[in-house]
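>>> Please work out how this folds:
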Amino acid sequence: MATNTFVSISNRALTLLGAQPITSLADDTKEARACNRMYEQSRNQVLRGHPWNFAVKRVALAADTTAPVYEYTNAFTWPSDCLRVVEVDTTENWIIEGRKIVSNAAAPLNIVYVSEVEDPTLFDALFAETFALRLAADIAYEITASQTVLSNMETLYTTKLAEARRVDAQEAQPATELDWLESRS
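As a prediction, this is how the structure comes out:
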């Protein structure tokens with residue numbers, strides 16, 4: 001099985017666009033510059049869009065020393081690598097304000113979140129393909145000057161994203177009827 005790298009994911013995106021591959025991050029080509037410019041943004045967009053199993057983390061947050069000005073008693077700062085809060089383990093009401101969770105919940109506050117996974121060797125295979133399609137869509141017009149190619153990449157990305165999410169979700173324990181009913185209340 002091939003290992004995902006910045007170059008391999010970028011080259012997959014470039015291949016989808018019919019463009020020349022790159023050999024390194026330092027290549028002084030239009031293709032390398034486009035991939036360098038959009039790689040992190042495209043990756044984080046796909047990561048944030050779904051609680052990918054390989055990117056989910058759990059942590060107990062300490063309360064900040066400064067409480068919210070009103071309404072809530074505690075503020076909890078997100079971990080530095082947090083892209084999206086998925087679950088907050090409390091019966092208290094809570095909301096997101098900036099990069100903080102505010103609530104009346106006592107510390108520590110247990111959360112589940114999607115982390116900013118920067119190491120491409122940790123990417124799931126379907127995620128890597130989905131990410132390459134997102135990157136291809138994000139650089140399509142710059143590389144090809146074709147609105148049609150851009151539209152095709154967006155369509156391919158949407159289709160692959162649905163498949164990748166479905167497969168990723170199948171690796172979790174199925175929700176019980178009680179879980180479903182509780183989530184509806």
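>>> Who is A60 paired with across the strands?
N110 (DSSP bridges).
>>> Quick one: residues contacting it.
Counting by Cβ atoms under 8 Å, 6 or more residues apart in numbering, A60 makes contact with 108-111. The way it works is simple: take the backbone N, C-alpha and C, and place the C-beta from them, glycine included.
>>> Please name the residues that touch H50.
Taking Cβ under 8 Å, 6+ apart as the test, what H50 contacts is 114, 161, 164-165, 168.
>>> What about the most centrally placed residue in the chain? Give its phi and psi, please.
Nearest to the geometric centre of the chain sits L47, at 1.0 Å (Cα atoms, centre = their mean). Phi and psi for L47, reported as degrees, to the nearest 10, are phi -60, psi -50.
>>> Next one: it from T155, what distance?
Per Cβ to Cβ, to the nearest Å, L47 is found 21 Å from T155.
>>> can you check P51 too?
24 Å.
>>> picking that back up, now the contacts of H50: which count as buried?
114, 161, 164-165, 168 (16 or more other Cβ atoms under 10 Å).
>>> about what we covered before: surely the residue nearest to the centre of the chain meets P120?
No: L47 sits out of contact with P120 when judged by Cβ atoms under 8 Å, with a separation of 11.7 Å.
>>> Identify the residues contacting stretch 32-40?
Taking Cβ under 8 Å, 6+ apart as the rule, stretch 32-40 contacts 6, 9-10, 13-14, 22, 24-26, 135, 138-139, 142-143.
>>> and the longest helix seen in the chain, average pLDDT?
Longest helix in the chain by number of residues (criterion: DSSP state H): helix 147-169. On average, the pLDDT along helix 147-169 is 96.
>>> Show me which residues of that helix are buried.
In terms of neighbour count (16+ other Cβ under 10 Å), helix 147-169 has its buried residues at 149-150, 152-154, 156-157, 160-161, 164-165, 168.
>>> How about stretch 129-149?
129-141, 143-144, 149.
>>> Now for those: which two are most distant?
E129 and Y141 (21.1 Å; Cβ to Cβ).
>>> how about the protein, which residue sits the furthest from its center?
Quick read of the chain (Cα atoms, centre = their mean): farthest out is Y70, 32.0 Å.
>>> secondary structure element for it?
Applying DSSP states H and E as the criterion places Y70 outside every helix and strand.
>>> element containing Y113, please.
Per DSSP H and E: strand 109-115 holds Y113.
>>> Format the CA atom coordinates belonging to the strand or helix carrying V102 as CSV.
Using DSSP H and E, V102 sits in strand 100-103. Backbone C-alpha positions of strand 100-103 (Å, rounded to 0.1, in the frame of the first residue of the first chain) are rendered in CSV as follows:
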residue,chain,number,x,y,z
LYS,A,100,-14.4,28.6,23.2
ILE,A,101,-17.2,26.5,24.6
VAL,A,102,-19.3,28.4,27.2
SER,A,103,-21.5,26.6,29.6
